[in-house]
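Asks: got a predicted model here, sequence first, then my questions.
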Amino acid sequence: MYISARERQILEILLKNTDEMTVKDLAKQIGVSGRTIHRDLKNVEDILGEYNLSLQKKSGVGVQITGDQTKIRELELYLFNLSHTEYMPEERQTIIFCELLETNAPVKLLGLANDLNVTIATVSADLTKLEERLQTFGLALIRRRGYGVEIEGDEGAKRRAMSSLISVYLDESEILSLTRENIQKRSTQQIHTISERLMGLVEKKKLVIVEKIVNSIVQELPFSMADSAYIGLVIHLALAVERIQKGEGITINSSYLENQKATKEYKFAEKIVAQLEQVFTINIPEAEVAYITMHLKGAKLRHDHEYLNEDTSLQVAIKTKKLIELVGDLVGLDLVANRSLFEGLVMHLKPAIYRMKQKMGISNPLLDKIKRDYAELFSIVKQAGKQVFDDFYLPDEETGYLVMHFGAAILGSRDLINFRTLVVCSSGIGTSKMLATRLQKEFPELKHIQNVSVMEFKKMKKDNYQLVISTIPIPDYESDYIVVNPFLNKDEIEKIRSFINEYKIVNSSEKNLPVMLNANVSKKSAAGLIEEMRGIQEYTRVIATILEDFELNEVSEKKTTEEILTQLCQSLYEKQKIDDVEAVVKKVLEREKLGGIGIPETRMALFHSRAPHVQQPCFVISVLQTPIKVVGMDENDMNMINFILLLSPENSSDNALEVLSYISSLLIESDENIAIFQSGDYGRIMGLLTARFDQFFTEKLKELRSVSL
């Protein structure tokens, strides 16, 4: 049975989407006219007939494949094993891209044409299109008559291109399964598929070995990585080993290398390199260690809270606030007060901005669907993003993730009750949030929804959850779970509804209630209760300390920054909040030299540090009669009137840092907050702190209690 490239693509799209699809949407995805799709659908129906399947057509709604699930899987397997003798233009270009990236010598157009079963003119046209893609990686295409064609550019750019191709065209769950050897061996017929061609860039055996090494090291990291970041690191390392063995090395700026050496991530990168050198018997230069460091720093951190008094986080928070304001204005909604949106974006954007500045690239497998289903919001977020992030290029893939965050906020939620759910998602925090919000909107019963990655899921206890929903297949998980699209189609909603209704019927009789209650109580261990109480105690202690010892004073004389800081630290020393004035002053000033401390579009500057000589958390504001010029976080000069000092002990707990982070975020959360903190009015500032800490503590209490149930 002959299936053309376009017919294959139509079948794959329809099989992937269980909802009806309009001819217009199909045409848009494939890049042809509606008339062409109508013509192809006749052949598609014949192909479906071979499997006793049919193409259901609903006027004004769309088309959909219907039939027995076993037959649908048979067709999927046939398409999967299909030897491609005909490729779509983008597929051809990707194959050519791979071929050129792998070789250091010019490639003849005739050879490419023969391999792809097309004319030289077609290959030439593909190369013209390919040039645009190459430019995004800083690569160039060299074409000379009688010479052939080759890619020109540095090794780092070539590796970014390889990593990007693998990330874009290979499904994350497939790579995770592949590296863990959970995937069955495929037939030799598949050697010419796009996926197999891309996996040819690096040996499967290398991927498996590298993944094991990375998995052992990341357990020691002070943060956990999302699956997408984990996969990106594994692919980068496997490519690095492959290229080093072929004699290809990267170069890096010496001053940049020294800066990387000073980071904590560099130490972990060295551990990874030591194991790679031992296993593969190769020498890995320092430049490679710096590139690995870059990947670790660019990882999507899965923390619920980023500490805004640390390094660049407050600068990110300021840009986040601007982005929320702009998008809110454009959609006609007040999104500024949405705390969940703000925190989610800060957490996502800090590593994302780092990746974009380093031109590391990012993949977003849901980009086409986001553009199609949220076209207007995508356009709005892209417009706002260009204004806020004007110092680097914001790719559509990243815009897509931002749309997910805003989409989740705009969808909103209802009052929720009683059902505990795990959402397993490997496409990033935004995907999880979007799915969680859709779930809450469709199913009010889903009160507690926790987002986890596949790796986190494998390690955690699942007994306390009634429902597991995943956007990808979960390898080696035997219990029931539901696989859905992050955007939830009608069939998936019905599937979840059926599960919930069935669960309610089984568990809702009165006689079951005492049993369920006792089971929940017994599952809470003494150690768990103690940990919960200590968490509550730590929040209470730090909040009470901040509120009791908050100071607001005036500086009437003209003084330097160092003089004001010394005066404040002397006062804190006398109150036994710090034990060494000179050491703390030095530490704060060192931090100031690392980057701007002024909060843009305000009169405030935040001086902060975690220092060994700080005994208790401190929050102090000095109002200056004579402004002092400081460098803002946007690197522009500004006049400071409100000198804000925020200190924490070096060994502060996560809970303590979270409280101080909350103060930092309050400084820039809204225009009203800014006005209060700049007012110099002790009563108004204390009133704001008291009200917001009361709200913060109540939320934390609910979180801690719900987690332990």
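Replies: That came in fine, so what should we check first?

Asks: burial of residue 65, as a residue count?
Replies: Using other Cβ atoms under 10 Å, residue 65 has 20 other residues around it. All C-beta spots, glycine's among them, are computed from the backbone N, C-alpha and C.

Asks: so it makes contact with residue 16?
Replies: No: Residue 65 lies out of contact with residue 16 (Cβ atoms under 8 Å); the separation is 10.2 Å.

Asks: let me know whether my guess that residue 112 is in a helix holds.
Replies: Yes: the assignment for residue 112 is a helix, going by DSSP: H, G, I helix; E, B strand; the rest coil.

Asks: measure it to residue 232 for me?
Replies: According to Cβ to Cβ, to the nearest Å, residue 112 and residue 232 sit 29 Å apart.

Asks: can you give me the domain assignment for the protein?
Replies: Domain segmentation of the chain under automatic domain parsing yields 5-81, 89-297, 313-411, 420-523, 531-707.

Asks: and those domains as CSV, adding mean pLDDT?
Replies: Formatted as CSV, the domains of the chain follow (pLDDT from 0 to 100):
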stretch, mean pLDDT
domain 5-81, 85
domain 89-297, 75
domain 313-411, 81
domain 420-523, 69
domain 531-707, 87
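
Asks: of all these, which gets the most neighbours per residue?
Replies: The highest average neighbour count among these, using mean count of other Cβ atoms under 10 Å, belongs to domain 313-411 at a mean of 19.

Asks: residues contacting residue 620?
Replies: Listed by Cβ atoms under 8 Å, 6 or more residues apart in numbering, the contact set of residue 620 reads 550, 551, 552, 553, 568, 571, 572, 644, 645.

Asks: could you dump whichever strand or helix holds residue 644 to CSV, C-alpha only?
Replies: Assigned by DSSP states H and E, residue 644 falls within strand 637-649. Taking Å, rounded to 0.1, in the frame of the first residue of the first chain, the C-alpha atoms of strand 637-649 are listed here in CSV:
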residue,chain,number,x,y,z
ASP,A,637,21.8,55.5,37.1
MET,A,638,19.1,56.6,39.5
ASN,A,639,18.7,58.6,42.7
MET,A,640,18.1,56.6,45.9
ILE,A,641,16.1,58.1,48.8
ASN,A,642,14.9,54.8,50.4
PHE,A,643,17.9,52.8,51.6
ILE,A,644,16.6,49.2,52.2
LEU,A,645,18.7,46.7,54.0
LEU,A,646,17.8,43.0,54.1
LEU,A,647,20.1,40.5,55.8
SER,A,648,19.9,36.8,56.5
PRO,A,649,22.2,34.3,58.2
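
Asks: if you count contacts, what does it end up packed against?
Replies: Counting contacts by 3 or more Cβ pairs under 8 Å, 6 or more residues apart in numbering; DSSP states H and E, strand 637-649 packs against helix 561-574, helix 581-594, strand 604-611, strand 618-631, helix 654-668, helix 671-678.

Asks: now do the very next helix or strand once past the last one against strand 618-631, angle only.
Replies: Next in sequence after helix 671-678, counting helices and strands by DSSP H and E, comes helix 682-708. Our comparison of helix 682-708 with strand 618-631, counting by axes from the mean of the first three to the mean of the last three Cα atoms, to 10 degrees, yields an angle of 110 degrees.

Asks: quick one: helix 682-708 to helix 654-668, angle?
Replies: Here the directions of helix 682-708 and helix 654-668 differ by 140 degrees (the same axes, to 10 degrees).

Asks: and the angle for helix 682-708 with helix 671-678?
Replies: Relative orientation of helix 682-708 and helix 671-678, computed by the same axes, to 10 degrees: 120 degrees.

Asks: tell me how far helix 682-708 lies from the chain's centre.
Replies: The chain centre lies 28 Å from the centre of helix 682-708; the measure is Cα atoms, centre = their mean, to the nearest Å.

Asks: what do you get for stretch 679-686?
Replies: Mean-position distance between stretch 679-686 and its chain equals 38 Å (Cα atoms, centre = their mean).

Asks: circling back: can you say which of the helices and strands packed on strand 637-649 is nearest to residue 156?
Replies: Ranking these by their distance to residue 156 (criterion: Cβ to Cβ) puts helix 581-594 first, at 25.8 Å.

Asks: so what touches that closest one?
Replies: By Cβ under 8 Å, 6+ apart, the residues outside helix 581-594 that reach it are 311, 561-562, 565-566, 569-570, 572-573, 578, 597, 607-609, 611-614, 645, 647.

Asks: give me that answer again for 10 Å
Replies: Helix 581-594 has contacts (Cβ atoms under 10 Å, 6 or more residues apart in numbering) with 309-312, 561-563, 565-574, 577-578, 580, 597, 605, 607-614, 618, 630-631, 645-647, 650.

Asks: repeat for stretch 239-250
Replies: Here stretch 239-250 makes contact (Cβ under 10 Å, 6+ apart) with 102, 104, 154-160, 162-163, 166, 201-203, 206-207, 209-210, 273, 276-277, 279-285, 287-288, 290-292.

Asks: what about the residues you listed, which are in helices?
Replies: Among the contacts of stretch 239-250, the members found in helices (DSSP state H) are 102, 155-160, 162-163, 166, 206-207, 209-210, 273, 276-277, 279-280, 287-288, 290-292.

Asks: for residue 133, what is the enclosing helix or strand?
Replies: Using DSSP H and E, residue 133 sits within helix 120-135.

Asks: relative to the whole chain's centre, how far out is whichever helix or strand comes after that helix?
Replies: Next helix or strand after helix 120-135 toward the C-terminus (DSSP H and E): strand 140-144. Distance, stretch centre to chain centre, for strand 140-144: 35 Å (Cα atoms, centre = their mean).

Asks: and strand 140-144, which strands flank it?
Replies: Counting by DSSP bridges, the strands paired with strand 140-144 are strand 148-152 (antiparallel).

Asks: ok so, going back, out of the helices and strands packed on strand 637-649, which gets nearest to residue 489?
Replies: Closest of the helices and strands packed on strand 637-649 to residue 489 is helix 654-668, at 36.3 Å (criterion: Cβ to Cβ).

Asks: what packs against that closest one?
Replies: Taking 3 or more Cβ pairs under 10 Å, 6 or more residues apart in numbering; DSSP states H and E as contact, the helices and strands that helix 654-668 lies on are helix 313-331, helix 339-357, helix 526-549, strand 604-611, strand 618-631, strand 637-649, helix 671-678, helix 682-708.

Asks: tell me which of those sits nearest to residue 147.
Replies: Between the helices and strands packed on helix 654-668, helix 339-357 lies closest to residue 147; by Cβ to Cβ that is 35.6 Å.

Asks: who touches the helix holding residue 133?
Replies: By Cβ under 10 Å, 6+ apart, the list of residues contacting helix 120-135 reads 87, 89-90, 92-97, 100-101, 107-116, 118-119, 139-141, 143, 149, 151-153, 157, 161, 164-165.

Asks: got the CA positions of that helix in CSV?
Replies: Coordinates of each C-alpha in helix 120-135 appear next as CSV, following Å, rounded to 0.1, in the frame of the first residue of the first chain:
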residue,chain,number,x,y,z
ILE,A,120,19.3,18.6,-7.6
ALA,A,121,17.0,21.6,-8.1
THR,A,122,14.9,20.4,-5.2
VAL,A,123,18.0,20.0,-3.0
SER,A,124,19.2,23.5,-4.0
ALA,A,125,15.8,25.0,-3.0
ASP,A,126,15.9,23.2,0.3
LEU,A,127,19.4,24.6,1.0
THR,A,128,18.1,28.1,0.4
LYS,A,129,15.4,27.5,3.0
LEU,A,130,17.9,25.9,5.3
GLU,A,131,20.1,29.0,5.3
GLU,A,132,17.5,30.9,7.4
ARG,A,133,17.5,28.2,10.1
LEU,A,134,21.3,28.1,10.2
GLN,A,135,21.5,31.9,10.9
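
Asks: fine, thanks again, bye for now.
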